[in-house]
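In: what's the 3D shape of this:
(chains A and B)
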Amino acid sequence: MTWLTWRLHRWEAALGLALLIAFGVGVLLLTLLGSHLLAQIAGACPPSTISGSATAVSGSATANIAACSELAAEYQSGFLVGWQWVLIVGIVLPVLAGVFVAAPLVARELEKGTHLVAWAQGVTRHRWFLARVGLVAAAAVVGAALQAAIGQGWFAMQRGVGGGGLGGPSLWEGFEIGPPVVIAYTLFAIALGVAMGAAIRRTVPAMAATLVGFVVVRVAVGVFARRSYLPPLTVRESILGSSISLVPGGSGSGSTFNPVSDWLLNLGIGNYMNAAGHPVSSATVSQLLGQCTYPDDGGAPTCPAAANGIVQLLSYQPASRFWLFQGVETAIFVVLALALFALAYRLVMRMR
Amino acid sequence: MTSAIRTTALGKRYGRQWALRDCSLQVPAGKITALVGPNGAGKTTLLKLAMGLLAPSAGEIEVLGQSPQREPALVLARVGYVAQERPLYPRFTVSDILRMGRELNSRWDGAGARERLVKRDIPLDRQVRRLSGGEQAQLSLALALGKRPDLLLLDEPASSLDPLARRALLTELVDAVAADGITVLLSSHLIADVERVCEHLVILSRGRVQLAGDIDTLREEHQMIVGPRIDPAAAAADPAVVSAHHAERESALLVRCPGKVPPDGWRTEPLSLEDLVLAYLENPAAGSPAPVAAAEVGS
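Out: Numbers count the residues shown, from 1 in each chain, chains lettered A, B, ... in the order given. As a prediction, this is how the structure comes out:
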């Protein structure tokens, strides 16, 4: 069965490898192009700027700030291209595997009638399924691990050199290219493809169903489920802060919010409270802020006294939970994948 | 008589439609048996049931003494099957197909399969989709024979082939069977092919067995007799009459009267296998139950 599986999927394997190589080369080129600029940034900008805490800039470093931010802007525009590239490829490759490799795996056999040959040889259908699906899934997992390693290596480098402080990716922005979840997404895509193929029995509809199903589940988990794997921590932020100034509080006993590494869940959304702890409407807040006067030198604004003491409740997931959340999301997709593999197996064994 | 396939009240239903119903038959070992019947009679269903590609809705089927459902590994290892459409992976070369046979079958006879194809001038490096229909049929047969089956199931093996390719394929089949003593069950509606190749005949009609027996025996038992016109109702009521045609003055009856001489005033006329089969197919009610005397002649 190993040979037959290889013979049936060799072009797909070659294409997948080519895509991975192209991805790796692309990332390498981006790295080389960016490294010159990063070296300049490292020279021009004081370490405190790079560390990411904007409030910590001291007076002696002010002279460098202008040159530094110019370089940073240049770097960011180039960086964004790379970021999109890594993110898009990271999201697209698993779904390609599911749609073009897994969905036709059973469906094309049934559509062309070749299952009547495959299932009439001296190999039971049980073994046929385990070998075909197992080998394809294993190869896809290896490919996903390579892809995740490339993406993650690049991502870690951006953050390490100071991308974070310069407006580069925050830790949580890279959640969906984390190695565990990329592998789990890929396994899920393969399982979904095989199951759709076995259920629908026609290649193109099965491919479409796989694409739709994958996107729906990924988006649903990413948008609705992920933020609540654990109850978020909360802090209060003054609405007058031009830079972020924070009062720790709420459930985050003792912890502080770090805008670079934590995941802010309700940016720009209501939850205003006055000093007495009573809720304040968003309309009131925007009306008060509209009355502020901003001095020309960029100094602190002058606002109505009523605005003092109004805070916004921010809820967030701290950086310390990142790998726990990776684990939870990985587990969700692996369990979904196993359930779909089991469904596909039952469907294939019952085709009688 | 040992049986390669034995079915008892076998039935297969798709939704509410019975493709095969109450089918009890035995396929004798070591012979080539033809499965004949109109389209939709259940021939393909029966062959797929025997291969374990379908599961029975009712009754039992035993293939080489095993249940294709409960012991798929044992049945698959010993039974060769060529489906009606002769599906093969179109982008595989002939060599790839043979390699597949080797990888998936424990008793694979690679040399024999290759020799069979070379003898027919089928290039081993050509892709399946570039082979002619006849060559594809030969390749499918070579794949099925390559696993050294004890039983070979062929669904319309010669259909859609030109006469030369058909003859070549059947010759190949007969040679292989003669050499290895394989049991063959093949479905066909080409009676001429059946007559050339087969020793045993099963007529399926509307999902039931209408007639089964050795072809020579069946021919001895059946007679076409022509005599003075008789009452059509009387002819229809006689269980020995398979079919009757009544002209103005004469009646022509196909009768199953083993060993009997026609009555005075009646003459026998030559009866081809095709006439015999068609008579049964035209009269789905005929043939069951089989006349008692058949057993005496057969023994």
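In: for the nearest residue to B:Ser132 once chain neighbours are set aside, phi and psi?
Out: Here the nearest residue to B:Ser132 in space, its sequence neighbours aside, is B:Ala165; by CB to CB, 6 or more residues apart in numbering or on different chains that works out to 7.4 Å. Backbone N, C-alpha and C define where each C-beta goes, glycine included. The phi/psi pair for B:Ala165 (degrees, to the nearest 10) reads phi -60, psi -40.
In: how about B:Ala165, what does it touch?
Out: Contacts for B:Ala165 were tallied using CB atoms under 8 Å, 6 or more residues apart in numbering or on different chains; they are B:132-134, B:137.
In: Show me these that map onto helices.
Out: Among those, the ones falling in helices (DSSP state H) are B:133-134, B:137.
In: Mind checking which of the residues you listed are buried?
Out: B:134, B:137 (16 or more other CB atoms under 10 Å in any protein chain shown).
In: Nearest to chain A, out of the ones in helices among the contacts of B:Ala165: which one, please.
Out: Set against chain A, the nearest of the ones in helices among the contacts of B:Ala165 by CB to the nearest CB is B:Ala137 (13.2 Å).
In: I figured B:Ile61 was touching B:Ala9, is that so?
Out: No. Using CB atoms under 8 Å, B:Ile61 makes no contact with B:Ala9, being 10.1 Å away.
In: rewinding a little: Serialize the ones in helices among the contacts of B:Ala165 to TSV and add fields for pLDDT and distance to chain A.
Out: Output for the ones in helices among the contacts of B:Ala165, formatted as TSV (pLDDT from 0 to 100; distance: CB to the nearest CB, whole Å):
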residue	pLDDT	distance to chain A
B:Gly133	90	15
B:Gly134	90	18
B:Ala137	92	13
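In: thinking again about what came up before, more crowded one of B:Ile61 and B:Ala9?
Out: B:Ile61 (23 against 12; other CB atoms under 10 Å in any protein chain shown).
In: Quick check: bridge partners of the more buried one?
Out: B:Ile61 has these beta-bridge partners by DSSP bridges: B:Thr7.
In: can you list the domain ranges for the chain.
Out: You didn't pick a chain, so chain A it is. A:2-49+A:66-228+A:324-349, A:233-294+A:302-317 (automatic domain parsing).
In: please go with chain B instead
Out: B:3-206, B:217-298.
In: Give me the neighbour count for the closest residue to chain B within the stretch 151-300 of chain A.
Out: The nearest approach of the stretch 151-300 of chain A to chain B comes at A:Thr203, 14.1 Å away (CB to the nearest CB). Using other CB under 10 Å, A:Thr203 is surrounded by 19 other residues.
In: do A:Gln84 as well
Out: 10.
In: Can you say which of the domains of chain B is packed in most?
Out: domain B:3-206 (a mean of 19; mean count of other CB atoms under 10 Å in any protein chain shown).
In: how long is that domain end to end?
Out: Length of domain B:3-206, first residue to last, CA to CA, to the nearest Å: 24 Å.
In: Switch the domains of chain B over to a markdown table; also include distance to A:Ile150.
Out: Formatted as a markdown table, the domains of chain B follow (distance: least, CB to CB, whole Å):
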| stretch | distance to A:Ile150 |
| --- | --- |
| domain B:3-206 | 32 |
| domain B:217-298 | 68 |
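In: Which helix or strand in chain A has the lowest average pLDDT?
Out: Ranking every helix and strand in chain A by mean pLDDT, DSSP states H and E puts strand A:246-248 at the bottom, with a mean of 43.
In: can you give me the helices in the stretch 51-200 of chain B?
Out: Under the criterion DSSP state H, counting those that start in this stretch, helices of the stretch 51-200 of chain B are mapped to B:72-78, B:94-104, B:110-119, B:133-146, B:163-180, B:191-197.
In: For these, give me JSON lines that also has distance to A:Gly327.
Out: Output for the helices of the stretch 51-200 of chain B, formatted as JSON lines (distance: least, CB to CB, whole Å):
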{"stretch": "helix B:72-78", "distance to A:Gly327": "40"}
{"stretch": "helix B:94-104", "distance to A:Gly327": "40"}
{"stretch": "helix B:110-119", "distance to A:Gly327": "50"}
{"stretch": "helix B:133-146", "distance to A:Gly327": "49"}
{"stretch": "helix B:163-180", "distance to A:Gly327": "60"}
{"stretch": "helix B:191-197", "distance to A:Gly327": "66"}
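In: what about the stretch 251-352 of chain A, any weak spots by pLDDT?
Out: Regions of the stretch 251-352 of chain A meeting the criterion pLDDT under 70 cover residues A:251-255, A:267-270, A:298-299.
In: so who does the residue in it that chain B sits nearest to touch?
Out: The nearest approach of the stretch 251-352 of chain A to chain B comes at A:Arg352, 3.7 Å away (CB to the nearest CB). A:Arg352 makes contacts with B:52-55, as judged by CB under 8 Å, 6+ apart.
In: mind checking which helix or strand residue 284 is in?
Out: All of this refers to chain A. helix A:282-290 (DSSP states H and E).
In: So which other helices or strands are in contact with that helix?
Out: strand A:272-273 (3 or more CB pairs under 8 Å, 6 or more residues apart in numbering or on different chains; DSSP states H and E).
In: Other residues contacting the strand it packs on?
Out: In contact with strand A:272-273 (CB under 8 Å, 6+ apart) are residues A:236, A:239, A:279-282, A:284-285, A:310-313.
In: that's a helix at the residue of the stretch 251-352 of chain A closest to chain B, yeah?
Out: No. Assessed with DSSP: H, G, I helix; E, B strand; the rest coil, A:Arg352 is coil; it does not lie in a helix.
In: Of the domains of chain A, flag the one that's most buried.
Out: Note that of the domains of chain A, domain A:2-49+A:66-228+A:324-349 is the most buried (mean count of other CB under 10 Å), with a mean of 19.
In: Next to chain A, which bits of chain B? Give me the list.
Out: Residues of chain B lying close to chain A by CB under 8 Å from any CB of the partner chain are B:51-55, B:72-73, B:76-77, B:79-81, B:83, B:85, B:87-90, B:92, B:96, B:99-101, B:103-107, B:140, B:143-144, B:147.
In: let's go with 6 Å and repeat that
Out: B:51, B:54-55, B:72-73, B:76-77, B:81, B:83, B:85, B:87, B:89, B:100, B:103-106 (CB under 6 Å from any CB of the partner chain).
In: And the residue of the stretch 151-299 of chain B that's closest to chain A?
Out: For the stretch 151-299 of chain B, CB to the nearest CB, closest residue to chain A: B:Leu153, 8.6 Å.
In: what about the strands in chain B?
Out: B:3-14, B:17-28, B:32-36, B:58-63, B:79-82, B:151-155, B:183-187, B:200-205, B:208-214, B:222-228, B:241-246, B:250-256, B:267-269 (DSSP state E).
In: any idea of the mean pLDDT in the third one?
Out: Put plainly, it is strand B:32-36. The pLDDT scores in strand B:32-36 average 94.
In: so what does it touch, helix or strand wise?
Out: strand B:183-187, strand B:200-205 (3 or more CB pairs under 6 Å, 6 or more residues apart in numbering or on different chains; DSSP states H and E).
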